[in-house]
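[1] any chance you could fold what I've pasted below:
(one chain, ligands or ions: 1)
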Amino acid sequence: MKNTTLFSSSPVITDFSAKQYSFLQSAGADEIKKHQTELFLHHLKFTVNNSPFYRELYKDKKIDLKQIKKLSDIAHLPLTQKSDLASTKNFLCVDNKEIVDVCLTSATSGALPTIISLTSSDLSRLAYNEEIAFAMAGINENDTMLICAALDRCFMAGIAYFLGGVKLKATILRSGSGSASQHWELIKLAKATVIVGVPSLMYKIGQHAIDSDETPAATHIKKLIAIGEPTKDESLNLLPIAEELEKMWGARIYSTYASSEIATTFCECSARRGGHLRPELNILEILDDDGARVKDGEKGEIVVTPLGVTGMPLIRFKTGDISYLINEKCSCGRTTKRIAPIIGRKNQMLKYKGTTVFPNAILACLEGNKRFHNGYIEVKKNKDGTDRIMLYAALCSANPDKNQDENWISETLRAKIRVVPEIKIIGREKADKKVYQFDKKRKRMTFFDLR
Ligand SMILES: [Zn+2]
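    Numbering: from 1, shown residues only. Sure thing, here's the model as predicted:
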């Protein structure tokens, strides 16, 4: 098999239609390594030769590319932080005239969003990436997909899902950032079979239907592709919100992991035991706090080198997300390792009585429960250096009883994660205002770090 078209030696790659790397999903570890090494060395050479940022950095650090020969040599290369991307121009590897699309990534708190410039080849790569990700979840040309992610406002996700779905020859409903009732009407009208969106929005759509005396499970929806928010705990068990969604829609939920910088989506297969790695599209490492690679099964930060990107290619990008790799046989027959659910953001890690916990793990215990409406977490620093964690929760009951409600929350949290922060019961309106203050259509704001 020839391996020249997908990532040719030309800086602009135009052919992502070839699926010549699909065999890697069932290849042995040595074969995967062989092909990945080839792609990695090509990516490295192209990036360091063309990116002012990496050229400077490697010169400073006296890195000789001739010494980088094996895949494991990647450990000798410096890591790239999100803050490095602030100066986008330094990362550009092609002429401005090659740039066809500009995406903005979500900013880290306080900072401006970062620009990611894409070539037409990067768009093809994105489409290829998403096509294979959807196919991984068993979606095909017979499906009608409701895409609840904005195609406008320079978001990468919406355009990636659209292009990927088109490439898969599925029928796409560009529902974007419509309201719950608009999404619901479209699901019925066009007989959608798949929803792609954040779980909290899928829940809102379903609840809207139920409130109007209709039944989400009676629609044609069979698959829910969850983006942006967790649906599983670290042991791969469905979170209450995901269980509720499956019941509500009579559908199977698939979790995904993706980000604009890594330009790759990891989607679960039919076995739904983590997202299969994509060896032809990236090198994924899990590193400890000292930057050393951890063993499969051990938790650490996900660091990704997205292969084949030509506009703003990156090397060893620190995602800030914590997870681990699963290296066990998958019942779907693929041999690639899998990435477990995202346990949390590295900078959101909280210290609680000698143990660590992530804010999303606390909220996940409550979300999807009929009694829980909405809530968020605030963290401050105690004088002794430990974290003071406060959970602000709004419940659904019309006549709330603060003591009873607090007891119910603390019992639920104790039983599930053995972590009970300070609990404050607040009104639904107050909770919604805080959680949806920035961007009603995209992700909710549920964590406020005041440390
Ligand atoms: Zn599998």
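
[2] give me the number of residues near the closest residue to the ion within the stretch 51-200 of the chain?
    Residue of the stretch 51-200 of the chain nearest the ion, by C-beta to the ion: residue 136 (7.8 Å). The way it works is simple: take the backbone N, C-alpha and C, and place the C-beta from them, glycine included. Residue 136 has 22 neighbours, counted by other C-beta atoms under 10 Å.

[3] okay, now residue 385: neighbour count?
    Using other C-beta under 10 Å, residue 385 has 8 other residues around it.

[4] where's the closest residue to residue 81 other than its chain neighbours relative to the ion, distance?
    Of all residues not flanking residue 81 in the chain, residue 318 sits nearest, at 5.6 Å (C-beta to C-beta, 6 or more residues apart in numbering). Counting by C-beta to the ion, to the nearest Å, the separation of residue 318 from the ion is 27 Å.

[5] ok, what's across the strand from the closest residue to the residue of the stretch 51-200 of the chain closest to the ion other than its chain neighbours?
    Leaving aside its sequence neighbours, residue 136 sits nearest to residue 267 (C-beta to C-beta, 6+ apart; 4.5 Å). In this entry, residue 267 is beta-bridged to residue 256, by DSSP bridges.

[6] residues contacting residue 267?
    133-134, 136-137, 225, 254-256, 275-276 (C-beta atoms under 8 Å, 6 or more residues apart in numbering).

[7] mind running it again at 7 Å?
    Contact analysis of residue 267 by C-beta atoms under 7 Å, 6 or more residues apart in numbering lists 133, 136-137, 254, 256, 275.

[8] returning to what we had before: was I right to think the residue of the stretch 51-200 of the chain closest to the ion contacts residue 269?
    Yes. Between residue 136 and residue 269 there is a contact under C-beta atoms under 7 Å: 5.1 Å.

[9] any common contacting residues for these two?
    Common neighbours of residue 136 and residue 269 (C-beta under 7 Å, 6+ apart) are residue 276.

[10] can you pull the phi and psi angles for the residue of the stretch 51-200 of the chain closest to the ion?
    Per-residue torsions, residue 136: phi -60, psi -40 (degrees, to the nearest 10).

[11] relative to residue 277, how far out is it?
    Residue 136 sits 11 Å away from residue 277 when distances are taken as C-beta to C-beta, to the nearest Å.

[12] and residue 26, by the same measure?
    For residue 26, the distance to residue 277 - C-beta to C-beta - is 13 Å.

[13] of the two, give the one with the bigger neighbour count.
    Ranked by neighbour count (other C-beta under 10 Å), residue 26 and residue 277 place residue 277 first, with 23 against 13.

[14] elements contacting the helix or strand hosting residue 302?
    Using DSSP states H and E, residue 302 maps to strand 300-306. With contacts taken as 3 or more C-beta pairs under 7 Å, 6 or more residues apart in numbering; DSSP states H and E, strand 300-306 sits against strand 282-287, strand 317-323.

[15] sheet-wise, list the partners of that strand with their directions.
    Assessed with DSSP bridges, strand 300-306 is paired to strand 282-287 (antiparallel), strand 317-323 (antiparallel).

[16] mind putting those strands into a markdown table with distance to residue 65?
    A markdown table is the format used below for the strands paired with strand 300-306 (distance: least, C-beta to C-beta, whole Å):
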| stretch | distance to residue 65 |
| --- | --- |
| strand 282-287 | 16 |
| strand 317-323 | 19 |
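
[17] flag the shaky bits of the stretch 301-450 of the chain, pLDDT-wise.
    Residue ranges of the stretch 301-450 of the chain with pLDDT under 70: 438-443.

[18] the chain against the ion: which residues are in contact?
    Applying C-beta under 5 Å from the ion, one finds that the chain approaches the ion through 269, 271, 330, 332, 334.

[19] now which of the residues you listed would you call buried?
    Among the residues of the chain next to the ion, those classed as buried by 16 or more other C-beta atoms under 10 Å are 269, 330, 332, 334.

[20] just give me the neighbour total for the closest residue to residue 268 other than its chain neighbours.
    Leaving aside its sequence neighbours, residue 268 sits nearest to residue 254 (C-beta to C-beta, 6+ apart; 4.6 Å). By other C-beta under 10 Å, 26 other residues sit near residue 254.

[21] for the strands paired with strand 300-306, give me JSON lines that also has mean neighbour count and distance to residue 380.
    Below are these laid out as JSON lines (neighbours: other C-beta atoms under 10 Å; distance: least, C-beta to C-beta, whole Å):
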{"stretch": "strand 282-287", "mean neighbour count": "21", "distance to residue 380": "29"}
{"stretch": "strand 317-323", "mean neighbour count": "20", "distance to residue 380": "21"}
